[in-house]
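K.L.:
Please work out how this folds:
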Amino acid sequence: MSDMVELQKTRNIGIMAHIDAGKTTTTERMLFYSGKVHRIGEVDKGTATMDWMDQEQERGITITSAATTCYWKGYRINIIDTPGHVDFTVEVERSLRVLDGAIAIFCGVAGVQSQSETVWRQADRYEVPRIAYINKMDRIGADFYRVLQMINRNLTRKALPLQLPIGVEEDFIGVVDLLKMKAFTYHDEMGLEIEERELTASETEEALRWRHELVEFLAEHNDEILIRYLEGQEISMDLLQQAVREQTLANELVPVLCGSSFRNRGVQMVIDAVVDYLPSPLDIPPVTGIEPDSGEEVKRLADINEPFSALSYKVAVDPYVGKLTYFRVYSGSVKTGSTVYNATRDCRERMTRILRMHANHREEIDEAKAGDIVAGVGLKLTVTGDTLADDKAPVLLEAMTFPEPVISVAIEPKTKADEDRISEVLRRLAEEDPTFKTSVDAETGQTIISGMGELHLEVIVERLLREFKVNANVGRPQVSYKETVKGVGRGEGSFIKQSGGRGQYGHVVLQVSPLVQGEGFRFVDAISGGVIPKQFIPAVEAGIREALGAGIQAGYPVVDLEVKLVGGSFHEVDSTEVAFKVAASMAFKDALGKADPILLEPIMELEIVVPEEFTGEVIGDLNARRGRITGLEEGRGIRSLRGHVPLAETFGYATDLRSLTQGRGTFSMQFSHYEEVPEYRSREIIAKRYGLPV
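P.N.:
Okay, the predicted model is just below:
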């Protein structure tokens, strides 16, 4: 097979959805039907191929994105199964960055949930073409048309069905194909016996209505279909399929399919749709980057004859081979044993081995070519987001951005041996996960680990104890508060020291004022006439940046403010950079105290699904947690509540919700934004921070 044909028959896809919509269950069926595995693994039994970590098998959720490859009708499909829990959203973010297409899975009962929206927006950001698959059509309360309506209302106005369900809940037996105008029904437990039949009169009426809508949409974008449609001619299935593919690749259409992965119904047609409608590496625009030296834009075609370029999207520690660097090859090729250039870090690294991954199983290969998603061994300095390239034709691809952690815990090693190991282990874990950060508390000397949520930190701590055998005591989760100002304040700082001979002299006047949330920090040099010589200005900025790490209220980082250097003075002999750095820090703290400083707390977006009869108690509990309801969806016997609640009020919420709803309520949560802490809570936080009585 030629390289071009091989590329045309390659699909790099991701499976994305809200937690518990059936991503891993669907992937397991795809692997089974394509012959990659010979038995179907189940998530709830801990036997799923793609959920290979102990923590994933015990909890029945996906924590880390797993890559695998299968073959279907002569096509090679590289699949990345991503987590649905918001704490691990970075896994979705970095996977979508290197994928060409995606399957968005929705629960037939719950429909569009909060994390469905998050992953959809991530896919929008990277312009990833996708198909939608409404799963769990066999479940009580499943409603295909309601979920379709939710997709079009909350996510996109371009979702149109290619299939309709036959039967619902327990009676779901198959699908109507709107392009073929045939019914496909399943007659065995494994989903291998599929009967194709003509449509009944009632099926035909419903199918024609939806087919008419699909054809009308395609006619707006395809002249040949428009002419045939207006003249009342028959439109061939090949022409319709080609038009659906074109509009899907252009992100103008999201084809919608349905099925029940757990009951083995509909998955083969999802794989067909991947091949028919999702892009090959040749269908997506060439990847663009910049030439490191000149800064000029460079394009790389998905072609083996182009110079080598690849993006590292994930780093993992494998107990058998050491550090694994997952990367997507965009152009050219790389062989085992060759040297590659890391354009991000300006260094050369040796690729000692190249592995094609199947979850945690490894298959050694000699060469990785354009379109491949593989793992490399031997890349010691490469981290997530780094560009690998040919040193004779370097290119720097767009890096990834990751959210800041919102929750922290203190961790203390139990023995001296653990103390020696813990920093190395934490460094390795931080290398794997860009949303996991470690720091040392200057006051207590404790090691602080920070992440995206309680579950995220729980999994990290479990890995420390079990995988890396480090014994440690773990503190209670702490909220990552921030500080900012509401007003304008002017402050002055002087650092004057005379100790015989040459002294130290620095004098700075600063003005601080608030910025819009999310703008971070801005430094403005507003002095004139050489009041402070130019060579000392960087030292002033450095002093301020250092002081941003600990505010004056409770020692939390200071964000979203502008600091203007408005005055000061210098001494011709005694002024030094150190003196101005210290003076700037003093002036900053002085100005901060006069600018109405406030505390900010992380606010979480919460989605709760509860049986109708418990809605009142759940809303009452949420109000007591300083939460507010922003939306309410009604389904058959269930209520889906959306709202915002401070992170500080959510610890232990899973247990409380279970007791309020007799174990029938579920919730998901993700970081939304920062908000000002009410004054009474602010006083409590500050007192607690300094060990004072409230």
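K.L.:
mind listing the helices for the stretch 501-650 of the chain?
P.N.:
With DSSP state H, counting those that start in this stretch as the criterion, the stretch 501-650 of the chain has helices at 537-547, 577-593, 615-624.
K.L.:
What mean pLDDT does the first one get?
P.N.:
It stands for helix 537-547. What helix 537-547 shows for mean pLDDT is 93.
K.L.:
likewise stretch 660-674?
P.N.:
The average pLDDT within stretch 660-674 is 78.
K.L.:
circling back: of the helices of the stretch 501-650 of the chain, which is nearest residue 138?
P.N.:
Across those, residue 138 has its closest neighbour in helix 615-624 (26.2 Å, CB to CB). Yep, even glycine has a C-beta here, placed from its N, CA and C like the rest.
K.L.:
List the buried residues for the closest one?
P.N.:
By neighbour count on 16 or more other CB atoms under 10 Å, the buried set for helix 615-624 is 615, 618-619, 621-622.
K.L.:
what's the closest of the residues you listed to residue 350?
P.N.:
Nearest member of the buried residues of helix 615-624 to residue 350, counting by CB to CB, is residue 622, at 55.1 Å.
K.L.:
So the closest one sits against residue 644, correct?
P.N.:
No - the criterion here is CB atoms under 8 Å, and residue 622 misses it with residue 644 at 9.6 Å.
K.L.:
so what sits against both of those two?
P.N.:
Shared contacts of residue 622 and residue 644 (CB atoms under 8 Å, 6 or more residues apart in numbering): 606, 628.
K.L.:
winner for burial among the helices of the stretch 501-650 of the chain?
P.N.:
Most buried of these, by mean neighbour count (mean count of other CB atoms under 10 Å): helix 577-593, with a mean of 23.
K.L.:
Contacts for it, please.
P.N.:
Defining contact as CB under 8 Å, 6+ apart, one finds that helix 577-593 is touched by 485, 489-497, 504-512, 532, 535-536, 538-544, 546-547, 551-552, 558, 563, 568, 570.
K.L.:
Can you tell me which of those residues are buried?
P.N.:
Among the contacts of helix 577-593, those classed as buried by 16+ other CB under 10 Å are 485, 489-495, 504-512, 532, 536, 539-544, 547, 551-552, 558, 563, 568, 570.
K.L.:
Return the helix or strand in the protein with minimum mean pLDDT.
P.N.:
Within the chain, no helix or strand scores below helix 54-59, which has a mean of 42 by mean pLDDT, DSSP states H and E.
K.L.:
following it, which helix or strand shows up next?
P.N.:
Downstream of helix 54-59, the first helix or strand assigned by DSSP states H and E is strand 66-72.
K.L.:
CA atoms of that following strand as CSV?
P.N.:
The C-alpha coordinates for strand 66-72 follow below in CSV (Å, rounded to 0.1, in the frame of the first residue of the first chain):
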residue,chain,number,x,y,z
ALA,A,66,-5.5,5.5,26.5
ALA,A,67,-4.4,5.0,22.9
THR,A,68,-5.0,2.0,20.7
THR,A,69,-5.2,1.0,17.0
CYS,A,70,-7.7,-1.3,15.2
TYR,A,71,-8.5,-2.1,11.6
TRP,A,72,-12.0,-2.0,9.9
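K.L.:
Neighbouring strands - and their directions - for that strand?
P.N.:
strand 75-81 (antiparallel) (DSSP bridges).
K.L.:
Show me what the mean pLDDT comes to for the partner strand.
P.N.:
83.
K.L.:
Distance from the chain centre to that strand, please.
P.N.:
Relative to its chain's centre, strand 75-81 lies at 19 Å (CA atoms, centre = their mean, to the nearest Å).
K.L.:
try stretch 157-164
P.N.:
For stretch 157-164, the distance to the chain centre is 26 Å (CA atoms, centre = their mean).
K.L.:
Could you number the chain from 57 rather than 1 from now on?
P.N.:
All right, first residue 57 from here; so that's stretch 213-220.
K.L.:
what's the first-to-last distance across that stretch?
P.N.:
For stretch 213-220, the separation between the terminal residues is 18 Å (CA to CA, to the nearest Å).
K.L.:
cool, stretch 358-373 as well?
P.N.:
Using CA to CA, one end of stretch 358-373 lies 29 Å from the other.
K.L.:
cool, stretch 340-350 as well?
P.N.:
End-to-end distance for stretch 340-350, by CA to CA: 26 Å.
K.L.:
Contacts only, for residue 238.
P.N.:
Counting by CB under 8 Å, 6+ apart, residue 238 makes contact with 232, 252-255.
K.L.:
Looking at those residues, which is nearest residue 156?
P.N.:
For the contacts of residue 238, the closest approach to residue 156 (CB to CB) belongs to residue 232, at 28.8 Å.
K.L.:
For residue 64, list the residues it contacts.
P.N.:
Per CB under 8 Å, 6+ apart, neighbours of residue 64: 336, 338.
K.L.:
same deal with the one 5 residues further on?
P.N.:
Contacts were defined as CB under 8 Å, 6+ apart; by that measure residue 69 touches 133-136, 155-159, 330, 334.
K.L.:
Please report phi then psi for residue 305.
P.N.:
Dihedral pair for residue 305: phi -60, psi -30, per degrees, to the nearest 10.
K.L.:
what about it, distance to residue 272?
P.N.:
Distance, residue 305 to residue 272, by CB to CB, to the nearest Å: 20 Å.
K.L.:
Looking at those two, which one has more neighbours?
P.N.:
Ranked by neighbour count (other CB atoms under 10 Å), residue 305 and residue 272 place residue 305 first, with 18 against 13.
K.L.:
pLDDT score assigned to that one?
P.N.:
Residue 305 is assigned a predicted lDDT (pLDDT) of 93.
K.L.:
Does it touch residue 341 like I think?
P.N.:
No - with contacts defined as CB under 8 Å, residue 305 does not count as touching residue 341, sitting 10.4 Å away.
K.L.:
could I get the buried residues of helix 671-680 as TSV with distance to residue 510 and pLDDT?
P.N.:
Output for the buried residues of helix 671-680, formatted as TSV (distance: CB to CB, whole Å; pLDDT from 0 to 100):
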residue	distance to residue 510	pLDDT
671	25	88
674	19	90
675	23	91
677	18	91
678	18	91
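K.L.:
what about residue 604, neighbour count?
P.N.:
Neighbours of residue 604 under the rule other CB under 10 Å: 18.
K.L.:
and the nearest residue to it once chain neighbours are set aside, what does it touch?
P.N.:
Sequence neighbours aside, residue 614 is the residue nearest to residue 604 in space, at 4.8 Å (criterion: CB to CB, 6 or more residues apart in numbering). Contact analysis of residue 614 by CB under 8 Å, 6+ apart lists 538-540, 577, 603-607, 648.
K.L.:
same thing but at 6 Å, please
P.N.:
By CB atoms under 6 Å, 6 or more residues apart in numbering, the contact set of residue 614 is 539, 604, 607.
K.L.:
what does residue 218 give?
P.N.:
234, 311.
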